[in-house]
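In: let me see the structure of the following:
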Amino acid sequence: MSLPVGVFDGLTGVTRLILHSTELKSLPAGVFIGLSAVTYLSLGNQLTSLPAGVFRGLMVLTELSLSGNAALTSLPVGVFDGLVALKVLWMQNNALISLPAGVFTGLTAVFQLELQGNALMSLSVGVFDRLPNLVYLTLYCRWQGCTNDGNAELSCIPMLAALRARFVSYTGPQDTCATCTSPNATSTVCLLVAPTRCECTCNMGWTGPDGGGPCLQCAAGTYKSESGTAVTDTLICLACSTNSNSLAGSSVATACRCNAGWTGPDGRKCTQCEAGKSKFLLGSV
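Out: You can find the predicted model right below:
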């Protein structure tokens with residue numbers, strides 16, 4: 001079920017609009033045009049998606065609740081266009097997996113954002129940058145006895161360290177990822193359920209066991225072109241092709257160069273010089 005554009009025509013005096021239905025699954029862009037006096041809007045339905053510009057026309061809206069839409073997994077950039085007066089945004093208990101950078105562009109008046117009870121696994125860098133007045137942020141349940149926490153796989157968010165200084169209330173990951181203990185490893189994710197534990201992976205050209213350390217440099221004659229640990233064949237140091245060699249710590253296949261007396265493209269099969277010809281340099285010459 002959806003609503004047609006124009007369904008609210010003539011309701012210029014309405015200040016509060018509550019649409020709670022188990023049948024409403026989508027809304028067309030511009031459906032709220034004409035509701036110029038609405039200051040509170042609640043949409044606790046079965047929405048599966050929202051188009052960009054869906055809230056255009058709600059120029060004095062100060063409170064918007066999108067909570068309780070269990071099938072709503074994503075939001076497009078531009079979905080909140082026109083909500084210049086919005087101060088409070090509730091989006092808890094949906095099924096949001098991610099929030100794209102720029103999704104909150106234009107919401108310069110928002111000071112409270114509720115995101116607990118979703119399925120967030122990561123947050124785009126700078127996703128909160130367009131919320132200069134945000135002082136209340138909830139990323140997981142803050143009430144004692146809450147059973148629908150959600151966001152359990154949410155990565156620790158380095159950018160929040162700078163933002164927290166301005167928050168009056170913040171509920172979310174308490175620690176950012178610590179520096180990996182092994183040199184030549186990169187911290188990739190720190191889980192909300194264990195915020196002090198970092199999952200580190202060995203850098204390109206280096207390999208090691210699960211956990212990212214100790215990371216050992218790929219030996220001469222091998223290379224590793226991906227970050228990661230020795231879980232699969234693509235994450236270990238791979239041998240150069242026969243009759244070619246590479247420097248220690250090589251991170252690309254083209255670092256493998258044909259030996260003297262053999263020729264071919266870097267990183268590819270080497271062919272022996274035919275009778276009457278010589279090659280005394282390492283490489284594809």
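
In: give me the low-pLDDT residue ranges for the stretch 1-150 of the chain?
Out: Scanning the stretch 1-150 of the chain for pLDDT under 70 picks out the ranges 142-149.

In: show me the strands in it, by range?
Out: Taking DSSP state E, counting those that start in this stretch as the test, the strands found in the stretch 1-150 of the chain are 16-18, 40-42, 63-65, 88-90, 112-114, 136-138.

In: could you dump those to JSON lines with mean neighbour count?
Out: No exception for glycine: its C-beta is placed from N, CA and C like everyone else's. Listed next are those as JSON lines, based on neighbours: other Cβ atoms under 10 Å:
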{"stretch": "strand 16-18", "mean neighbour count": "13"}
{"stretch": "strand 40-42", "mean neighbour count": "17"}
{"stretch": "strand 63-65", "mean neighbour count": "19"}
{"stretch": "strand 88-90", "mean neighbour count": "20"}
{"stretch": "strand 112-114", "mean neighbour count": "19"}
{"stretch": "strand 136-138", "mean neighbour count": "19"}
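
In: now render those as JSON lines, adding distance to Ser49.
Out: JSON lines is the format used below for the strands of the stretch 1-150 of the chain (distance: least, Cβ to Cβ, whole Å):
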{"stretch": "strand 16-18", "distance to Ser49": "20"}
{"stretch": "strand 40-42", "distance to Ser49": "17"}
{"stretch": "strand 63-65", "distance to Ser49": "16"}
{"stretch": "strand 88-90", "distance to Ser49": "18"}
{"stretch": "strand 112-114", "distance to Ser49": "20"}
{"stretch": "strand 136-138", "distance to Ser49": "24"}
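
In: the ones you listed: which one's closest to Ser169?
Out: Ser169 lies closest to strand 136-138 among those, at 4.6 Å (Cβ to Cβ).

In: that closest one - contacts with which helices or strands?
Out: strand 112-114, strand 169-171 (3 or more Cβ pairs under 8 Å, 6 or more residues apart in numbering; DSSP states H and E).

In: want to try CSV for the ones you listed, with distance to Cys258 as columns?
Out: Shown next, in CSV, are the helices and strands packed on strand 136-138 (distance: least, Cβ to Cβ, whole Å):
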stretch, distance to Cys258
strand 112-114, 58
strand 169-171, 58
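
In: just give the nearest non-adjacent residue to Asn139, would you?
Out: Asn isn't right for residue 139; it's Leu. Gly172 (3.3 Å; Cβ to Cβ, 6 or more residues apart in numbering).

In: got it, and Ser42?
Out: Nearest to Ser42 is Ser65, by Cβ to Cβ, 6+ apart, at 4.2 Å.

In: gap between that neighbour and Arg16?
Out: 11 Å (Cβ to Cβ, to the nearest Å).

In: what is in contact with these two at once?
Out: Common contacts of Ser65 and Arg16, defined by Cβ atoms under 8 Å, 6 or more residues apart in numbering, comprise Leu41.

In: still on that earlier bit, wait, the residue nearest to Ser42 sits on Asn93?
Out: No: under the criterion of Cβ atoms under 8 Å, Ser65 makes no contact with Asn93, lying 10.4 Å away.

In: what sits closest to Ala255 if chain neighbours are left out?
Out: Nearest to Ala255 is Ser246, by Cβ to Cβ, 6+ apart, at 4.2 Å.

In: residues touching the one you found, list them.
Out: Ser246 neighbours (Cβ under 8 Å, 6+ apart): Ala220, Gly221, Thr222, Tyr223, Cys240, Ala255, Cys256, Arg257.

In: which residues touch the fourth one?
Out: Shown here is Tyr223, whose contacts under the criterion Cβ under 8 Å, 6+ apart are Gly205, Cys237, Leu238, Cys240, Ser246, Ser250, Ser251, Val252, Ala253, Ala255, Cys256.

In: from what I see, the first one and Cys215 are in contact.
Out: No: applying Cβ under 8 Å as the test, Gly205 and Cys215 come out as separate, 9.4 Å apart.
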